[in-house]
Structures are given as structure tokens and as C-alpha cells.
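Engineer: Can you look at this prediction? I've put the sequence above it.
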Amino acid sequence: MNIEKLLNTIIEAGKMLVESGAEVNRVEETMVRMCRCFEGIEYADSYVTLTGIMFSLTYDNKTVTRICRVHTGEVDLNRIDQINTLSRSICSNPISVDELAATLEKIKEMPRYSFFKTMLFGAVGAAGFGIFFNGTILEICMSFFIGILIRCISCFLSKHNLNSFLNNAISAGSAALSALCIHHFLPQTNVDIIIISSFMLLVPGLAITNAIRDTIAGDYVSGVARAADAFLCAVAIAVGAGFVMYFWI
């Protein structure tokens, strides 16, 4: 068995999980489970943070270790589910290292939701929060269109590799400016409902959830890091909206 390729493949699986938004405890467990499915592995252990992975395994009384840098990626729950399913299936139906690497590559190349779907359901989400906040039909419709605007701006900035702080700040500022303009021409609308409903698309719900789960699981480094990420996202939203409102008023 090519131990180096196994190590690199397991590391790649963990990297894909972290970049897709999986909690640290899940990543560590999945990597170790996948590794122990191969005959002859005497020891396997991992240490995962949001920015790096350290993985070590022992085979034939030889220990090999690798460190991998992880960069922030887009949330992809389907990819997480696919890798988790794979890690469990190979426990009962063992496969070769080459097959595992090929399967992971297929999962990595799986297409995400199209731009149109992302834009549409982002808009539906904003409109849904408009209903939740007891908005009128007009306010719900305006939230829908601002939701489209937010998704368009966010996707455009992501393609140009703009960092998440500026992405959220610009998206929030654009949403606030749009809501204020709508209220200027349609004074009967409640600008607060429109702004809050559209801002809910930018709230880092997954980061907050994973911060709590990592902390409860004892992964305090990752828990604090995710909490800081969620806090900075909230600050970015406040900065973007506050900047627009300051100059508007």
C-alpha cells in the first residue's frame, strides 16, 4: 500500500470538510475513521483547526505526518454529507487508496447550485423573513428584490476573491441603500423590516452553530476562532449599513 498517497488522500478529505463548513470534531473523526479502514494501519490521529490540519499515521512501525494549510471556502453541506457517507461505506466495503482518491475527486468536482438557484432562494429567504417580521406584501416584495441584489453582489465579489469582511460590508451597505431608496419613493413602507429581512441572508448562522458545537466538544481553539469569525461578520454588516445610514441622514 502506498502510505504516502493514503496520507495525502486523507488530508485532502479533511481539507474539503473544513473548507465546506464542517465542525472540527466531525473532521477529525471522519479522517481517523477513513484511515483505520485500511488494513495494516497501526495508529492514526489528527489535529484540526480552521486554518490547518495535522495528521499522523503509523504503518509497518513507521510513522508519517503531514501538515496542511486550509483556506476559507464556501459552505457546501452536500459535500460534507457525501464525504461522511463515503467514510462510513468504506468501513463495511473496503476499497483501495486509488479508488478512495478517485471518489474524493468526483465529490470535489460535483457542481454546486447554479447562480440562478442561489439568487432565487436567497431572495425567497429574505422574503420569508419579511413575513416572519410581520411585513406587508409590499415590504415582503421589496425584501425579495433586495435579496436578489445581495446574492448578485456577494457572488460577484467572491469571484474576484474579495475577503469576507469587505464582501459582507459592501453587501450590507448596498442592501441598506436600496431599502432607504425604496422608503424614499414609497414612504408607506417600513424601512426597518426591509433592512432586517434582507440582512438575515448575511447573518453567519452556520459559524455561530459550529462555534457552539466545537466549544461543547472541547475544541476550544476552533470554537473561539469560529466565534471570532461570526463576530467579525456581524461587525462587517454593521459597518456597511452604518456607513450608508450615516451619510443618508
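Structural biologist: Happy to help now that I have it.

Engineer: From here on, just use CA atoms for contacts and neighbour counts.
Structural biologist: Will do.

Engineer: Name the residue closest to the centre of this protein, please.
Structural biologist: Val75 (2.6 Å; Cα atoms, centre = their mean).

Engineer: part of a strand, is Leu50?
Structural biologist: No: looking at Leu50 with DSSP: H, G, I helix; E, B strand; the rest coil, it is coil, so not inside a strand.

Engineer: Let me know the helix or strand that Asn84 is in.
Structural biologist: Taking DSSP states H and E as the criterion, Asn84 maps to helix 77-92.

Engineer: And the next helix or strand past the least confident helix or strand in the chain by mean pLDDT?
Structural biologist: Here the helix or strand of the chain ranked lowest by mean pLDDT, DSSP states H and E is helix 205-216, holding a mean of 85. Next along the chain after helix 205-216, taking DSSP H and E as the criterion, comes helix 220-248.

Engineer: can you give me the helices in the protein?
Structural biologist: For the chain, the helices defined by DSSP state H cover 3-20, 24-36, 77-92, 97-109, 115-132, 137-159, 164-185, 191-199, 205-216, 220-248.

Engineer: and Thr65, what is it in contact with?
Structural biologist: Thr65 makes contact with 7, 54-57 under the criterion Cα atoms under 8 Å, 6 or more residues apart in numbering.

Engineer: how about a cut-off of 7 Å?
Structural biologist: 55-57 (Cα atoms under 7 Å, 6 or more residues apart in numbering).

Engineer: Give me the nearest residue to the residue nearest to the centre of the chain, chain neighbours excluded.
Structural biologist: In this structure, Val75 finds its nearest non-sequential neighbour in Ser20, 4.5 Å apart by Cα to Cα, 6 or more residues apart in numbering.

Engineer: cool, Ser158 as well?
Structural biologist: Asn167 (7.4 Å).

Engineer: my guess is that neighbour contacts Ser154, does it?
Structural biologist: Yes: in terms of Cα atoms under 7 Å, Asn167 counts as a neighbour of Ser154; the distance is 6.2 Å.

Engineer: Lys62: how many residues sit nearby?
Structural biologist: By other Cα atoms under 10 Å, 11 other residues sit near Lys62.

Engineer: pLDDT score assigned to it?
Structural biologist: For Lys62, the pLDDT comes out at 85.

Engineer: repeat for Ile249
Structural biologist: 69.

Engineer: got it, and Val124?
Structural biologist: 93.

Engineer: show me what contacts the closest residue to it other than its chain neighbours?
Structural biologist: Spatial nearest neighbour of Val124, chain neighbours left out: Phe144 (6.1 Å); criterion: Cα to Cα, 6+ apart. Applying Cα under 7 Å, 6+ apart to Phe144 gives the contacts 123-124, 126-127.

Engineer: nearest to Asn134, of the contacts of Thr65?
Structural biologist: The nearest member of these to Asn134, counting by Cα to Cα, is Phe55 at 50.1 Å.
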